[in-house]
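Peer 1: Kindly return the folded structure for what I paste below:
(2 chains)
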Amino acid sequence: MMADTTITPKLVEEHGITEEEYRHIESVMGRTPNITELGIFSVMWSEHCSYKSSRVYLKNFPTTGSRVLQGPGENAGIIDIGDGIAVAFKMESHNHPSFIEPYQGAATGVGGILRDIFTMGARPIANMNSLRFGDPTHPRTRYLAKGVVAGIGGYGNTMGIPTVGGEVAFDPCYNGNILVNAFTLGVMDSSRIYLGKASGVGNPVIYVGSKTGRDGIHGATMASDVFGEGGEERRPTVQVGDPFTEKLLLEACLELMATDAIVGIQDMGAAGFTCSTFEMADRAGSGMVVDLDKVPKREEGMTPYEIMLSESQERMLIVARQGREDDVRRIFEKWDLDVAVVGQVTDDGRVRVMSEGRVVADIPVAPIVHEAPLYERPVAEPSWQREAQKLDIESVEIPADMNETFLKLMESPNLACKSWVWEQYDHMVMTNTVVTPGADAAVLRLKGTDKGIAVTTDCNSRYCYLDPYAGAALAVAEAARNLSCVGATPLAITDCLNFGNPEKPEIMWQFRQAVAGISEACRQFDTPVTGGNVSLYNETKSEAIYPTPTIGMVGLLDDVNKHATPWWKDEGDVILLLGASEPDLGGSEYLYAIHKRVAGRPPQVDFDREKAVQNAVRTCIRRGLLRSAHDVSEGGIAVALAECSLTRPSGMLAATVTLTDDVRPDVLLFGECGARIIVSTTPADAQAVIEIARELGAPAREIGRVGGRMLAVNNLISVAVAELHQRWSSAMPKLMGE
Amino acid sequence: MKFGIIVFPGSNCDHDCLHVVTKVMGQEGFFLWHKEKDLRGADCLILPGGFSYGDYLRSGAMAACSPIMDSVKSFAAGGGLVAGICNGFQILQEARLLPGALMRNQTLKFICKDIYMRVERTDTPFTGACRPGEILKVPIAHMDGNFFTDKKQIERLNEQRQILFRYCDEGGRVDADANPNGSMEAVAGLINEKGNVCGMMPHPERCSESLLRNRDGIKIFESIVNWAARKGA
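Peer 2: Below you'll find the predicted structure:
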C-alpha cells in the first residue's frame, strides 16, 4: 500500500468498513483519510478490537467486588488475595489463526496472553486452555489437534510457564472453526500494578522486544470475518511466534518494573503498534508523536501502513520517565533485545505518526477509541430452538448391556483420558503445581506463603446450544464446583465468548442469553467478571459453532496444605454423595455418544443447592475430613466414579456403590444433573461429613466403599478397573492415529 | 556449601534449583549470569533446565559457547562438582564435558511425566545418599532426551561405569516400555570418567518436597551436600 493510494469505495470495503462507518471516519477526520489512516481505523474499529456488536451486552456483567483491583478494560483483570499479593489473569481466543495454521496460531495465542499478564507487572505462574475440535473422524481434525497441542506446548514450555490444565472437546460443529482459548495467571505485589497509560507530557515512548516485520498484517480484521472456501490461503496473516525472545522480554520487563523508571507499558497484540499507541494515549487523556523511522524493522522498505498494522509478536511499548531512557536501555541490552526511543507523549489529544520527516497519519485519540461503532443488532430466538429442547425420554432405548455402554462412554472422545494432551505440556516447571492436570482444578502453591491458587476452565457447549442461558450459567456453576472440589473458594472469572456471525439475529440471541446466564451465575457465586474477550464470526459456509462461552475461574486456598484430589486413597474408605440426583438426560454425553442425539433441556442450575453443596465440600476439606472429592459432570455418576478409581497415581483402586434412586438405569448412571460431588472419608469421619453437609443445607448420603479391583454399581455395572483403564487411556492416542 | 546456578538466556529451571538448594536444603545459592567469568567461590555448579537460546540450533549448542563456559571447564578440570539437569545436560554434552548426544525423543513429541530411574552407582558425589540399585520416581520434561552415541563409546561407558541412571519400570526392570524417549542403553543420566561432572534428563528439583507429593529428588541434592561436607566445603 503506497502512501498516495486513492481511497475508493472498493478499498474501504476491503478494509471491512461499512459505508456508514466510512462517513463517520470522514467526519472525525474532517477530511478524507489517507491509506495509513484508513488502515488504522479498520483495525481499531474491527469487531475484535472494538467489541462493536457485543459491548451493549457486556456492560451487564457484574465487574466489581471487594477483591477486584482491576476490572475489564485493561490488559488483564487483577484481584487481591491478601497479605500484599494480587493475581492477574485473563483468557483470550486465538481461534481463526489456529484454524489456518494450528501450530503458530495456538503458540502465538499463548504468547499474547502471557504478555497481557506480565504487562501488568505480574510474573506468569500458570497457563490453562480450552480447546474445541471438530469430529474426530473429520479429515482435518487430527492435523489441527496435533498442531494446536504442540503449539501450546512449544510456546509455554520454552517460556518455562507450566500449562496446568484445561479442557478438550470434540464436536462436528467445530469442523470448520476450531476454538483455541488460552488463559494465563500471574502473581504480583498488589501495590505495584502497571497500566497501559501514556502520561506525562514529554515522556519518552520506547519500543522494546522483537523487530517489526510484515507478519500478521490485518490479523484483527481477519478475526472479524467468516471463513469461506480457501481459509488456508490466509496463512500470511498468521503471526509466527518466538518464545525464546518472549522469555527474554518477560525477564527484562520484570527487571525494569522493579525500578521506578516507567509510567506505563502495553503489549503490542492485535493491531500491534496502532492499538498500543492509541489506547495508551487514551487512558491518560494525552497524545503521542511517534517516528516510524526509529522502529526496529526486520525487513526493508516497509510502508507506514505495514508498520502500523503489523502483528509481529514479542513487542512492547513503554512510556518511561524523562531522563530514565538509559536505565531502560541498559536492561534490555543486557537481555539482547531491541530497544528504541520512538516518540514522546504530547498533550494535544492526537496520535501523530511520522515517517521520513512527513506526517503520515494524524488522528484524534478520543473519537477513534470511544466513537467506534456500537451496534444493537437484531435479536431473535432461533426457529429450531424449542424443537431441539424436546426430548421424549421413552423414545430413548435402554441399553441391554450396561457394562459395554459404560466402557463405550469412557472411551468417547470427550470423556477419554487426556494425558495424551497434557503430557505434551510442561505442567510442573516452577515447582508450584500441587494438583496436576486430570483433577477437577489445578492447584498452585504461592512460595513464601501458605496460600494456594486454584484455576479451572469450563464450558459445555452442547448445553449452550440447547439453552444458552442455562448452559452459560452451568459453566459458571461447574467452574465454581471444580474449584470447591480442590478446596478453593471461587473469587472471580474471565471469559472467552465464542459465537457465530453477530449479523444473524439467532446468533445475537444466543449471545444475549449466554451473557445473561453468566451475569446471573456470577452474581450468585459472588465471582465478578474481571475481563475476557469476545470472538465472533466463528462460522464457515454459514455453519456456526455451538455458542461456547468459556469460563476461566480463579479460587483461593488460605492453606494450600488443606486441598483435595479426586482419587480414592484407601481400601475401606466410605464413599458419600453430596447433593441429590434429579432424573435428567437432556444434552447429556450419554445421549450424544451412545444414541447420537443432541436434544432436551440441559440440567437447570439450582443456585441454592449448588452453593450449599460447594460450601459443604470446602468446609469438610478445610477441616481435614475428606480423603477425596470429585464433581459429577459429563457422563454422570458412573463416569465420575470411574475417574475416582483411575486417576490415582499410585495404582488403581476400585469401589462398590449402591444407588437407590428409583429411576431408569441409564438415567441413574449417566444423568448429568448439577450440584453433585462424590467424596470419600475414613469410616470414622463419615458421620461428621454427613452432619456438616446437612447443617449447611446440602443433602448427603453414603453410597459405597472404596476397594477391590472391580468397579461395581448396583447390579448394573461390574467392570475390572484394569479393563476400564485400558479402554479409557488408549482412546485418545487411537483417535490421533498413534 | 555454595551452589552457583548458571543462568543462560532461556534457562527456566534456574529459580526451581535455587529454591531447592536454599529453601529446602538450607544451603547458600546464587545465580551466575552466562556473560560472567567469575564463579564467585561456588562449590558446586548447576546448569539448570530450560530452552537456552530457544533450542533453535541444537539443544545446548549455543549456550555451550557462552563466556562462562570457559570458567566451567576450568572448574571441572580442577575437580569441581558440576551437575547439568535437562537442558544443562545437553549443554554439558555440547561443551564436551560429557559424551554422546541427546536427540529428539523417539515419539517426536515433548514429554512431561513421572518416570522411574535406577541408580546404577552410589560411589559418586551425586548419588551417595541413595541405596545401590535404588529406584527413584522423578519427572522428565523434554523434547530432546534420546541419548545416542557409537557402539565403542557405549562399551566404554559401561566399562567405566559412567551410566549413572537408567530408565526402568516401577520394579526396576529396564526395557523398551519403561524407556520414555528411546535412549540407547536406557540412559537417563551420565557421569564423566573423573566422577565430578554429571548430567541427567530427569528433574530432581521438581520432586524434593512433600507438598509436591514426591521427595525422591532430594536424594540427589543431599548426596552433593554430604559429599561436600566430607570434603570440608
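
Peer 1: centroid residue for chain A?
Peer 2: Geometric centre of chain A, nearest residue: residue A:91, 3.8 Å, by Cα atoms, centre = their mean.

Peer 1: what about residue A:16, how many neighbours?
Peer 2: 18 (other Cβ atoms under 10 Å in any protein chain shown). In short, each C-beta sits where N, CA and C put it, glycine included.

Peer 1: Give me the phi and psi for it.
Peer 2: When quoted as degrees, to the nearest 10, the phi and psi of residue A:16 stand at phi 70, psi 20.

Peer 1: Show me which residues of chain A sit near chain B.
Peer 2: Taking Cβ under 8 Å from any Cβ of the partner chain as the contact definition, chain A meets chain B at A:150, A:153-154, A:157-160, A:242-245, A:247-248, A:335-336, A:419, A:422-431, A:433-434, A:445, A:447, A:560-561, A:649.

Peer 1: From those, list the buried ones, please.
Peer 2: A:150, A:153-154, A:157-160, A:242-245, A:247-248, A:335, A:422-431, A:433-434, A:445, A:560 (16 or more other Cβ atoms under 10 Å in any protein chain shown).

Peer 1: does residue A:126 count as helix, strand or coil?
Peer 2: Secondary structure assignment for residue A:126 (DSSP: H, G, I helix; E, B strand; the rest coil): strand.

Peer 1: My guess is it contacts residue A:160. True?
Peer 2: No: Residue A:126 lies out of contact with residue A:160 (Cβ atoms under 8 Å); the separation is 11.8 Å.

Peer 1: Backbone dihedrals for the closest residue to chain A within chain B, both of them.
Peer 2: Proximity of chain B to chain A (Cβ to the nearest Cβ) peaks at residue B:12, 2.4 Å away. With angles defined as degrees, to the nearest 10, residue B:12 sits at phi -140, psi 10.

Peer 1: Show me the shaky parts of the chain.
Peer 2: Picking chain A for this. A:1-3, A:218-237 (pLDDT under 70).

Peer 1: Not quite, go with chain B.
Peer 2: B:233.

Peer 1: Mind jotting down where the strands sit in it?
Peer 2: Along chain B, counting by DSSP state E, strands occupy B:2-7, B:28-33, B:44-47, B:81-85, B:101-103, B:111-119, B:135-142, B:146-148, B:163-168, B:187-191, B:197-200.

Peer 1: Partner strands of the longest one, with direction?
Peer 2: Here the strand partners of strand B:111-119, with direction, are listed using DSSP bridges: strand B:135-142 (antiparallel), strand B:163-168 (antiparallel).

Peer 1: what angle separates that strand from strand B:187-191?
Peer 2: 60 degrees (axes from the mean of the first three to the mean of the last three Cα atoms, to 10 degrees).

Peer 1: What residues sit buried inside strand B:111-119?
Peer 2: In strand B:111-119, counting by 16+ other Cβ under 10 Å, buried: B:111, B:112, B:114, B:115, B:116, B:117, B:118, B:119.

Peer 1: got the residue ranges for the strands in the stretch 151-300 of chain A?
Peer 2: Remark: strands assigned in the stretch 151-300 of chain A by DSSP state E, counting those that start in this stretch are A:163-170, A:179-189, A:204-209, A:262-267, A:287-291.

Peer 1: Minimum distance to residue B:190: which of the ones you listed has it?
Peer 2: Residue B:190 lies closest to strand A:163-170 among the strands of the stretch 151-300 of chain A, at 29.5 Å (Cβ to Cβ).

Peer 1: Now do that closest one: distance to the chain's middle.
Peer 2: Distance of strand A:163-170 from the chain centroid (Cα atoms, centre = their mean, to the nearest Å) equals 10 Å.

Peer 1: just checking, what packs against it?
Peer 2: Judged by 3 or more Cβ pairs under 8 Å, 6 or more residues apart in numbering or on different chains; DSSP states H and E, strand A:163-170 is in contact with strand A:123-133, helix A:141-159, helix A:419-422, strand A:442-445, strand A:452-458.

Peer 1: if we go to 6 Å?
Peer 2: Strand A:163-170 sits against strand A:123-133, with contacts defined as 3 or more Cβ pairs under 6 Å, 6 or more residues apart in numbering or on different chains; DSSP states H and E.

Peer 1: what's the farthest-apart pair in the buried residues of strand B:111-119?
Peer 2: Farthest pair in those, by Cβ to Cβ: B:112 and B:119, 22.2 Å.

Peer 1: now residue A:376, nearest residue through space, not along the chain?
Peer 2: residue A:56 (5.1 Å; Cβ to Cβ, 6 or more residues apart in numbering or on different chains).

Peer 1: Noted, bye for now.
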